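Undergrad: Provide a 3D model corresponding to the input given below.
(chains A and B)
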Amino acid sequence: MQMIIVDDEAHWVDNLAMTKPWHTLGIEQVHKAYSAREALQIIDTNPIDIVISDIQMPEMTGIELIERIRKRDKRSNVLFYQAIRSSITPKSTSA
Amino acid sequence: MVLLGHHLEGTFMNIWKRFTSLRELIQSRFSLFAKINCLIILLFIPIIIMYTFSNNVTYDVVSKELQVSNTKQLTFLSSQIDSRINQMMDFTLILSRDPNVRAFNGLNIWADRYDQMQTRYVIQEKMVLQSGVADIWPARYAVHSQQNKDVISNYNRAFGYDEDYLKRNMSGKWTYGDHSLESKDELKSFYWFYTDSLAQPGMLTGSNLVIEASFSYENIQNMLDTYKEGGQGDPFLYHKGNSPILNRSADKQLSEELIRYLDKHSPENTTQDVVKLNGKNYLVSSVKSSYLDWNLIDVVPLYQILKPISLSQDLFYISMILLFVMGISASILLYRNVQYPIKKLIKGLRRVQRGDYSVRLHNEGRNEFSFLFHRFNDMSHQIQDLIENVFNEKIRAREATLKQLQAQINPHFLYNCLGYIINMAQMKDEDAVVSMAYNLSAYYRYTTRMERETASLDEEIKLLVNYLDIQKLRNARIDYHIEIPENMLSQSVPRLMLQPIVENSVIHGVAKSYSSGEISISGEISNGFCKIYIDDDGPGLNPEQLEALNRKMQEPLQEEMGCGLWNTNQRIMHLFGNQSCLTFKPSPLGGFRTEIIWEIPTEDEYSKFKNHQGE
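TA: Numbers count the residues shown, from 1 in each chain, chains lettered A, B, ... in the order given. Just a heads-up that it's a prediction; the model follows:
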């Protein structure tokens, strides 16, 4: 299985890709993308099964990214990144 | 604070209500000047009408009385003259029956010369006696005997017995002159010839006794003089075609004027007219003598007699005019002292109503109005103060809201930064962790210190460096340049004036696109103004959006509007005056530019500014 992590803030992508034990979950390769456009290019050339994405990104949001991916391939699973962030950081008091 | 604002608004409303009722009171007295003038005119009209009426009545009564008395006097004079003439005629008749007179016209066959002389003497004596009774009226008699061709008279005759002379004058009436050849203008005597002839009157049979009675014009003059002494008139005797017999002290010019008038309008038996001679009114009365066929004329200077009345009338009118002028002057005085200040007050109140509370009234005089004006000035000053206080309270309330908002926003910023620290720590990037933690601590130390409202520009710039370093760490695309002249750094500015603007540039500018990341902060001082430009190379705004944003800065704050930039603008305007503001323009970097301009405060303003900070 291959996976891609998408976020415009590089440190989130780098840390997720570098420090998490993805191979124990059967994920052989983790791709990194710093924009939605970059992610689409990688998806075009690689057989990606899981997409982890931030929602709020410049030029193209996470939601728009899913729409593009769904048009190409209905199989892929997209995981929203916000949920992961919440698990990493303490629960916020803000709305 | 909001509660205090409401309380102040309530006080202001009460004051305003009092003002409105005062204004209505003044407006009801608006036409005071016109009303007083009307009253004065209304007072004068009945007085003038009443006086004119009573004056006319007086004038009529006096002139009527004058006419009546004048006619009476003149009639009396006429009857006096007539009675004298009548006396003469009576005497003539008596004389004609006198035996001596008859003897004088007798045949004188038996009488000797002595008798004849005796007779003559007796007759003459009688005539002299008769004539001498009244020295004012010397009468002249002459007895003509046709029989004896002789004449006896009591005066010096120019000629003796003359048959033709008798025949010429036998008209049986009083005639003026004796038909001898005399010049026409000369004054003559009146003559009456009487004969006891049984034949037709005026016919001489040849043996008639003719008695001639005559009196000189001087007799008439005597009478006229006596009359004149008792009155104001100027009497004379007039007959058309003859020169008039004037009294001896007559006003020649006036008489000539009057005679010219009489020649045109021949008088009736008894007439009375008011005639205008030489531009003045005269009362001309005329009575016809029953014997003489002449008119007795009296002229009274009416204007002279009525002079006191017309004088008092003139005096009255003059005093009325003076009173009127005084009344109008009093009204003008009232206008100057009452209406004018009231108008001034109304004008001031109107301006207050329009919202101009800086209006102050000045009054030179020291009267009731100066007190009123003082109270007005105090009131508008008070209102101005209250409004300014309310406005300041509002700004403070907004600032409190802003600080609260900042406190709310910051946690999001904080946990993003903490997330960065966690990530970097997990990746063992020690430098990045330290750098982020250092900048974050400096940032929070500055933003959470709220005790002062202002800060130096240097402190503000340092905060920006912290903030932008944090952003740069999180997002590698971001790069910034700060170019502020040294001499600007000491300027005092509202705390956190620049940070919201730079945050705006980061969030809405460079973070919107992968191609942008440039932020530039530059400053300059020129012409007593400080200018700071905050530029970014983000997508920017189109001209319509820019214009709308600029307009919103000038309008009152709407609830739904984001208040960060508006509040910064209000704080700058409040601190530095109306010429200081925020403006938004397209940036030379291609994105959005925020321009902050403020006036550098002068020395005494600066000290005030310091005091303001101390509050």
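Undergrad: Relative to chain B, which residue of chain A is the closest?
TA: residue A:15 (3.7 Å; CB to the nearest CB). Bear in mind the C-beta positions are built from the backbone N, C-alpha and C, glycine included.
Undergrad: Could you find the closest non-adjacent residue to that residue?
TA: Counting by CB to CB, 6 or more residues apart in numbering or on different chains, residue A:15 lies nearest to residue B:423, which is 3.7 Å off, once chain neighbours are set aside.
Undergrad: need the helices for the stretch 1-150 of chain B, in chain order.
TA: Assigned by DSSP state H, counting those that start in this stretch, the helices in the stretch 1-150 of chain B fall at B:2-28, B:32-97, B:99-104, B:113-132.
Undergrad: Read off the pLDDT value for residue B:398.
TA: Residue B:398 carries a pLDDT value of 72.
Undergrad: again with residue B:393
TA: Taking residue B:393 on its own, its pLDDT is 82.
Undergrad: so it, which of the three states?
TA: Three-state call for residue B:393 (DSSP: H, G, I helix; E, B strand; the rest coil): helix.
Undergrad: number of nearby residues for it?
TA: Neighbour count for residue B:393, taken as other CB atoms under 10 Å in any protein chain shown: 16.
Undergrad: Please apply the same query to residue B:547.
TA: Neighbours around residue B:547, by other CB under 10 Å: 12.
Undergrad: and it, which of the three is it?
TA: helix.
Undergrad: still on that earlier bit, so the residue nearest to residue A:15 is in contact with residue A:10, correct?
TA: No: assessed by CB atoms under 8 Å, residue B:423 is found out of contact with residue A:10, at 9.4 Å.
Undergrad: neighbour count winner among these two?
TA: Shown here are residue B:423 and residue A:10; by other CB under 10 Å, residue B:423 has more neighbours (24 against 15).
Undergrad: need the contact list for that one.
TA: Going by CB atoms under 8 Å, 6 or more residues apart in numbering or on different chains, residue B:423 touches A:11-12, A:14-15.
Undergrad: What residue in the stretch 251-400 of chain B comes nearest to chain A?
TA: For the stretch 251-400 of chain B, the residue closest to chain A is residue B:400, as judged by CB to the nearest CB, at 19.9 Å.
Undergrad: Work out for me the element that residue sits within.
TA: helix B:368-426 (DSSP states H and E).
Undergrad: Likewise for residue B:243?
TA: Counting by DSSP H and E, residue B:243 is found in no helix or strand.
Undergrad: Filter the contacts of residue B:423 down to just the ones in strands.
TA: The members of the contacts of residue B:423 all map outside strands under DSSP state E.
Undergrad: Poorly predicted segments of chain A, please.
TA: A:74-95 (pLDDT under 70).
Undergrad: What segments of it are strands?
TA: Under DSSP E, chain A gives strands at A:2-6, A:29-33, A:50-53, A:77-80.
Undergrad: can you list those in TSV and add distance to chain B and mean neighbour count?
TA: Converted to TSV, the strands of chain A look like this (distance: least, CB to the nearest CB, whole Å; neighbours: other CB atoms under 10 Å in any protein chain shown):
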stretch	distance to chain B	mean neighbour count
strand A:2-6	12	23
strand A:29-33	12	18
strand A:50-53	15	22
strand A:77-80	16	14
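Undergrad: Save these as TSV, and put in distance to residue B:218 too.
TA: Below are the strands of chain A laid out as TSV (distance: least, CB to CB, whole Å):
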stretch	distance to residue B:218
strand A:2-6	160
strand A:29-33	162
strand A:50-53	159
strand A:77-80	159
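Undergrad: could you measure whichever residue of chain B sits closest to chain A against residue A:36, distance?
TA: Nearest to chain A in chain B, going by CB to the nearest CB, is residue B:423, at a distance of 3.7 Å. As judged by CB to CB, to the nearest Å, residue B:423 and residue A:36 stand 20 Å apart.
Undergrad: same thing with residue B:273?
TA: For residue B:273, the distance to residue A:36 - CB to CB - is 131 Å.
Undergrad: And those two? Which one has more around it.
TA: residue A:36 (26 against 13).
Undergrad: Check the gap between the more buried one and residue A:14 for me.
TA: 17 Å.
Undergrad: tell me which residues form a beta bridge with the residue nearest the centre of chain A?
TA: Nearest to the mean C-alpha position of chain A, counting by CA atoms, centre = their mean, stands residue A:52 at 2.3 Å. In this entry, residue A:52 is beta-bridged to residue A:5, residue A:79, by DSSP bridges.
Undergrad: ok, then the element right after the helix holding residue B:400?
TA: helix B:430-447.
Undergrad: so after that next one, what's the next helix or strand?
TA: strand B:454-456.
Undergrad: What are the contacting residues of that following strand?
TA: Outside strand B:454-456, the residues touching it (CB under 8 Å, 6+ apart) are B:489-495, B:575, B:613.
Undergrad: ok, for residue B:494, nearest residue in space, not its chain neighbours?
TA: Using CB to CB, 6+ apart, the nearest residue to residue B:494 is residue B:571, at 4.5 Å.
Undergrad: just the angle between the helix or strand where the one you found lies and helix B:368-426, please?
TA: Counting by DSSP H and E, the element that carries residue B:571 is helix B:564-576. Interaxial angle, helix B:564-576 versus helix B:368-426 (axes from the mean of the first three to the mean of the last three CA atoms, to 10 degrees): 130 degrees.
Undergrad: what comes up buried for helix B:564-576?
TA: By 16 or more other CB atoms under 10 Å in any protein chain shown, the buried positions in helix B:564-576 come out as B:564-573, B:575-576.
Undergrad: Show me what it is packed up against.
TA: Helices and strands touching helix B:564-576, as assessed by 3 or more CB pairs under 8 Å, 6 or more residues apart in numbering or on different chains; DSSP states H and E, comprise helix B:368-426, strand B:492-494, helix B:499-508, helix B:543-554, strand B:581-586, strand B:592-599.
Undergrad: Near residue B:400, how many other residues are there?
TA: So residue B:400, with other CB under 10 Å, has 12 neighbours.
Undergrad: now do residue B:243
TA: Residue B:243 has 14 nearby residues by other CB under 10 Å.
Undergrad: from the buried residues of helix B:564-576, which is closest to residue B:543?
TA: Closest to residue B:543 out of the buried residues of helix B:564-576 is residue B:565 (18.1 Å), distances taken as CB to CB.
Undergrad: Could you find the closest non-adjacent residue to the closest one?
TA: That would be residue B:582: by CB to CB, 6+ apart, it lies 6.4 Å from residue B:565.
Undergrad: got a list of what residue B:478 touches?
TA: Taking CB under 8 Å, 6+ apart as the test, what residue B:478 contacts is B:468, B:471-472, B:506, B:510, B:517, B:519.
Undergrad: same thing but at 10 Å, please
TA: B:468-472, B:506, B:510-511, B:516-519, B:536 (CB atoms under 10 Å, 6 or more residues apart in numbering or on different chains).
Undergrad: One more: residue B:528?
TA: B:579, B:599-602 are the contacts of residue B:528 under CB under 10 Å, 6+ apart.
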